[in-house]
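Undergrad: My questions are about this predicted structure, shown below with the sequence.
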Amino acid sequence: MFSLWRVYPKFFLGWLLLPLVVIWNFSIWTVYAAKLQAAQVDENSNSVSQLTEPITLVKKLENLPQDGENITATKPSFSVELNENWNSTAQLSNQQTTTVTAVEQLDTISNSNRENFVHSFPYRLESKPILLAAPENFNPDLRLPPPKPSKPPEPPKPPEPTSDAPTQPALVLENIQTDYRDDFSNFRQHNQIIEPKFQFGLRNGEKITFKTGFNTFEQPKFETVTNIPLQFGWQGKTGKYNIQIAGGIDIFNRLPTSLNFNAQIDRPIFINLTPTNTLKSALFLAAVVEQGSYKSSAQTLEAQITAWRGGLNVFWQIEPKTTFFSLYRVGFFNDGNFEQQSFSRLEHKFGSFWIAANLFTWQFTSDRQEISGYFSPGIFIVYNGEIGWEEKIFSFLRCRLTTTLGRQFLNGNTTGGNSYQSRCIAQILPNIDLDFGYSFSNVRNLETGDSPYNNRSFTGQFKIKF
């Protein structure tokens, strides 16, 4: 009995303490849960406000060169002018040279590897391990929000141009080139050509040209004809294509004014360079069209003969010292005549000398020499071999000598077709060049029957570069 009374109070006290402990723990848990919920709401509101702020991604792009850019700013181009002043192979020695501009200055393409731009966040959002014993897990007020992202650096502003800095003019005079030619045949046909040409450069690299002149055409039994051409032109490029366009008028002293027009478009098919960046091999094609008065003689101008001509040019650099050039033209005359013309040249250089083979053909549907005054053979063929020399005699003077030996075939008759030429280029000043030459040829430019024909020419060019 005594033992029961000793055990009962302990049991009774334990039974009373159990609900008190439960109530106490429940109160503490309730207060803790309320604070935890309030802290989480405040924390969530802060984190949402931070995450809804815009995050600026900085992308730094460099000005990269576009793929497939042209090898140079000035692409190699070539042109052979077979205009109305070039009527037969009497001027072959002057017209057979093909001009290739700045091919030796071609630069190789360097394909530099550039990295793409990288997306970078101001800070990284990573999952961190949860520590159960960390103080912030028991007291939410100790939790710190993640740091706000720092502002990305602003790109540097380009320097403002000063007001006194010189600006490039929209149009700049680059050079003035005056061409001179004086032809005189043993049949007293005399043509003199003096044509200055002004070339202007634009800011985008394109060219504007203006050509004028004072030309005279003399012939027995015909009054002298004086001609003043006025022609504006444009030169530019689109991709790999070089384009030249010009047009204007021809004013005559006693004849009606006529229009003139010419255009050429050319492009390289392939270009191969040596390790030293010199031209190894290349192929160029060009398409040419021209229209205007046929400036062959005073009689032709008096008859007001005009013609449309068009065709193709091909220049092939076979290897560094061997080249091939060929052209083909068709012509439509306002008197109903039709012509076909072709010229081919294979040349090889060795040191200061070169050898070449030339072939020229010319054919008209009808002979209009008696009526219209221009040489219009049914079939005319000239073939010859050429040898030449060119050397720099002084630091300011370079000269060349050329001679050709061959045959000419005209309407069933074959005769010798020979010529020789001398030419020098003098650099008077660093920006002034003078070109002068003399040539003689017995290649026909008229149908003279059994009478021999010959023509002598003085040529010159005066060029000032600015």
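TA: Good, I have the coordinates.
Undergrad: Does Val443 belong to a helix, a strand or coil?
TA: coil (DSSP: H, G, I helix; E, B strand; the rest coil).
Undergrad: Just confirm it contacts Phe380, I think it does.
TA: No: if you go by Cβ atoms under 8 Å, Val443 and Phe380 don't touch, sitting 9.5 Å apart. (C-beta placed from N, C-alpha, C; glycine too.)
Undergrad: Compare neighbour counts for the two and give me the winner.
TA: In this view Val443 and Phe380 are compared by other Cβ atoms under 10 Å, and Val443 has more residues nearby, 26 against 22.
Undergrad: Next, give phi and psi for the more buried one.
TA: phi -70, psi 130 (degrees, to the nearest 10).
Undergrad: What separation do you get for the spatially closest residue to Thr414 that is not a sequence neighbour and Pro377?
TA: Nearest residue to Thr414 in three dimensions, chain neighbours excluded: Arg407, at 5.8 Å (Cβ to Cβ, 6 or more residues apart in numbering). To Pro377, Arg407 is 15 Å away according to Cβ to Cβ, to the nearest Å.
Undergrad: which one of the two has more residues nearby?
TA: Counted by other Cβ under 10 Å, Arg407 and Pro377 do not tie: Pro377 has more neighbours, with 19 against 13.
Undergrad: Could I have the CA atoms of stretch 449-457 written out in PDB?
TA: Presented in PDB, the C-alpha positions along stretch 449-457 are these (Å, rounded to 0.1, in the frame of the first residue of the first chain):
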ATOM      1  CA  GLY A 449      44.800  48.400-156.600                       C
ATOM      2  CA  ASP A 450      48.400  47.700-157.700                       C
ATOM      3  CA  SER A 451      49.600  51.000-156.100                       C
ATOM      4  CA  PRO A 452      51.600  50.400-152.900                       C
ATOM      5  CA  TYR A 453      50.100  51.900-149.700                       C
ATOM      6  CA  ASN A 454      51.900  53.200-146.600                       C
ATOM      7  CA  ASN A 455      51.100  55.300-143.600                       C
ATOM      8  CA  ARG A 456      53.200  57.000-141.000                       C
ATOM      9  CA  SER A 457      52.100  58.000-137.500                       C
END
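Undergrad: quick one: buried residues of it?
TA: Residues of stretch 449-457 classed as buried under the neighbour-count rule (16 or more other Cβ atoms under 10 Å) are 453-455, 457.
Undergrad: As JSON lines, those residues with secondary structure and distance to Ser281 would be great.
TA: Below are the buried residues of stretch 449-457 laid out as JSON lines (DSSP: H, G, I helix; E, B strand; the rest coil; distance: Cβ to Cβ, whole Å):
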{"residue": "Tyr453", "secondary structure": "coil", "distance to Ser281": "40"}
{"residue": "Asn454", "secondary structure": "coil", "distance to Ser281": "39"}
{"residue": "Asn455", "secondary structure": "strand", "distance to Ser281": "37"}
{"residue": "Ser457", "secondary structure": "strand", "distance to Ser281": "34"}
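Undergrad: List the buried residues for stretch 315-322?
TA: Neighbour counts over stretch 315-322 (16+ other Cβ under 10 Å) mark 315-317 as buried.
Undergrad: closest to Leu171 among those residues?
TA: Closest to Leu171 out of the buried residues of stretch 315-322 is Phe315 (31.4 Å), distances taken as Cβ to Cβ.
Undergrad: The helix or strand where Phe261 lies - contacts with which helices or strands?
TA: Using DSSP states H and E, Phe261 falls within strand 258-273. For strand 258-273, the contact count by 3 or more Cβ pairs under 8 Å, 6 or more residues apart in numbering; DSSP states H and E identifies strand 78-79, strand 241-252, strand 279-293 as packing neighbours.
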